[in-house]
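Q: dropping a prediction and its sequence here:
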Amino acid sequence: MTRILAATDAAASGPEHVEVPVAYDAILLASFGGPEGQDDVIPFLRNVTRGRGIPEERLEEVAHHYRAFGGVSPINDQNRELKVALEAELARRGIDLPVIWGNRNWNPYLSDALTEANERGFRKLIAVGTSAYSSYSSCRQYREDYASALESTGLLGTIQIDKVRQFFDHPGFVQPFIDGVRDGLAQVAAKGIAPEKTHVLFATHSIPSTDAAKSGPDFRGFGEGGAYAAQHLAVSEVVMAAQETQPAHSLVYQSRSGPPSMPWLEPDINDAIDALAADGIEAVVIVPVGFISDHMEVKWDLDTEALETAGGHSMFAVRVPTPGVHPAFVTGLVDLVLERRDGMPAAERPALTAIGPWYDVCRPGCCENVRFGFKPAASGVAP
Ligand SMILES: CC1=C(CCC(=O)O)c2cc3nc(cc4[nH]c(cc5[nH]c(cc1n2)c(C)c5CCC(=O)O)c(CCC(=O)O)c4C)C(CCC(=O)O)=C3C
Ligand SMILES: [Fe+2]
């Protein structure tokens, strides 16, 4: 297993990287949540966008995506499957850690999970969030929601919530993408399309540019796109380096939702596909590198919209699978829990890029949201 630590990272990999061992009572599988029927769609969207300044037209547009799927987000069944897969892997390895599931934006809520934990006598929880990268939306907001669920249930001070490190460069997360891109490139080759006419698009969720700039801790100096862009770029390089043929590749963004006046990360995947078509590219392999399961952002924004954009140019397009319940991913998540529980030294932790392994405990100021300021957050050093 490769583990590279850049010389410039020496200061960042001090003792603060790794915490002391903790005897956890249970795993908190923490996710986004999604509607389970047509009547849930609007209340769910209100939960997600409360106070966020998302234009009404965008909400109607997104409601339409959910309506087209019967008002049911695929994310809930995917989390149920992941929970079952984690339980099976824990049992197989003889690890006695129950898994409880709670979401940030829909039933079962994080507060329901904490109530359940309390009833079952659990005091120390290790959270596994279904989100691999660093940014306000993909890390800090989870931590804020842990804190507010502790507050609303009156369990602050009774239950402790730690989290596994952001796992963007853990082999368990990256391997399924390596396998998927290999399969995708083989499909392109089988069509007789040459590597020079092929492009690999690594796709992730766009976020406001100001959030991106503040993603990760300030002292790492990641530049304009912050840790969020740097982590995605680094993972893309690892995935491409593992391929036998290496067509050109790039990082693109999807699912932008803020007002047009607010800058979000670009280019949008559909604009990128248009530009590639104009350059004579005949095939695209789309890698949903920002996501862990085939939820709505994948099913709609990639499988419906991006594939349609490619089809409009008569391009051949393949969408690579997300990690889902790939055995390497499930095993990797359990490994992440154990390294944290046992206080495994940073030098022994698997990480495929020079950026990781990421921190057990978020550093001060990490993933600040300049739009809303700091709210209390669990599993980090204040603020
Ligand atoms: C970085 C990131 C991830 C990846 C990390 C992670 O996985 O956590 C992610 C995942 C997801 N986002 C999801 C759904 C939504 N996200 C929205 C809005 C937003 N997302 C943002 C960012 C992210 N989002 C941001 C900056 C906003 C603007 C509002 C704000 O500033 O906070 C909205 C409102 C409507 C809209 O504007 O699109 C919806 C409905 C679902 C569920 C899908 C399903 O149901 O299957 C999932 C997994
Ligand atoms: Fe989102």
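A: Cool, the structure landed. Ligands and ions are numbered 1, 2, ... in the order given.

Q: what count of nearby residues applies to the closest residue to Ala230 other than its chain neighbours?
A: Spatially, and ignoring its direct neighbours in sequence, Ala230 is nearest to Phe222 (4.5 Å; C-beta to C-beta, 6 or more residues apart in numbering). All C-beta atoms are positioned from the backbone trio N, CA, C, and that covers glycine. Other residues near Phe222 number 20, with proximity taken as other C-beta atoms under 10 Å.

Q: which residues touch Phe222?
A: Shown in contact with Phe222 (C-beta atoms under 8 Å, 6 or more residues apart in numbering): 215-216, 229-230.

Q: quick check: residues of this protein near ligand 1?
A: 32, 34, 45, 48-49, 52, 54, 58, 62, 73-75, 130-131, 135, 137-138, 205, 207, 255, 257, 290, 295-297 (C-beta under 6 Å from any ligand atom).

Q: of the residues you listed, which belong to strands?
A: When DSSP state E is applied, these are split such that His205 fall in strands.

Q: which outside residues touch the helix or strand Val252 falls within?
A: Counting by DSSP states H and E, the element that carries Val252 is strand 248-254. With contacts defined as C-beta under 8 Å, 6+ apart, strand 248-254 is touched by 198-206, 229, 232-233, 236, 240, 264-269, 272, 297, 301-302, 306.

Q: next: stretch 97-116.
A: Applying C-beta under 8 Å, 6+ apart, the external contacts of stretch 97-116 come out as 24-36, 40, 44, 47-48, 76, 79-80, 83, 86-87, 90, 117, 120, 122, 125-126, 141-142, 145-146, 149-150, 152-153, 155, 159, 337.

Q: what comes up buried for it?
A: Buried residues in stretch 97-116, counted by 16 or more other C-beta atoms under 10 Å: 97, 99-106, 108-116.

Q: same thing with stretch 248-261?
A: Applying a neighbour-count criterion of 16+ other C-beta under 10 Å, the buried positions in stretch 248-261 are 249-258.

Q: kindly report the same for stretch 129-143.
A: Residues of stretch 129-143 classed as buried under the neighbour-count rule (16+ other C-beta under 10 Å) are 129-143.

Q: show me what whichever helix or strand comes after the strand holding Val252 is packed against.
A: Per DSSP H and E, strand 248-254 leads on to helix 269-278 as the next helix or strand towards the C-terminus. Using 3 or more C-beta pairs under 8 Å, 6 or more residues apart in numbering; DSSP states H and E as the contact test, the elements touching helix 269-278 are strand 198-205, strand 248-254, strand 283-287, helix 307-312.

Q: and the ones you listed as CSV, adding mean pLDDT and distance to Ala377?
A: Supplementary listing: the helices and strands packed on helix 269-278 in CSV, determined by pLDDT from 0 to 100; distance: least, C-beta to C-beta, whole Å:
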stretch, mean pLDDT, distance to Ala377
strand 198-205, 99, 20
strand 248-254, 98, 25
strand 283-287, 99, 30
helix 307-312, 98, 37
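
Q: among these, single out whichever gets nearest to Asp360.
A: Comparing those by their distance to Asp360 (C-beta to C-beta), the top pick is strand 198-205, with 23.6 Å.

Q: that closest one pairs with which strands?
A: strand 248-254 (parallel), strand 283-287 (parallel) (DSSP bridges).

Q: any residues touching it, and which ones?
A: Outside strand 198-205, the residues that reach it (C-beta under 8 Å, 6+ apart) are 133, 137-138, 181, 184-185, 188, 232, 235-236, 239-240, 247-255, 269, 272-273, 276, 281-291, 297, 302, 306.

Q: swap the cut-off to 6 Å and go again
A: Among residues not part of strand 198-205, those counted as contacts by C-beta atoms under 6 Å, 6 or more residues apart in numbering are 188, 232, 236, 247-249, 251-252, 254-255, 269, 276, 281, 283-290.

Q: repeat for stretch 360-378
A: Counting by C-beta under 6 Å, 6+ apart, stretch 360-378 makes contact with 18-19, 134-136, 139-140, 143-144, 146-147, 161, 165, 210, 214-215, 217-218, 340, 380-381, 383, all of which sit outside it.

Q: wait, what's in contact with Pro176?
A: Going by C-beta under 6 Å, 6+ apart, Pro176 touches 323, 326, 329.

Q: and the closest residue to the second one other than its chain neighbours, how far is that from Ala132?
A: Put plainly, it is His326. The spatial neighbour of His326 that comes closest, neighbours along the chain excluded (C-beta to C-beta, 6+ apart), is Pro176 at 4.2 Å. Between Pro176 and Ala132 the computed distance is 12 Å (C-beta to C-beta, to the nearest Å).
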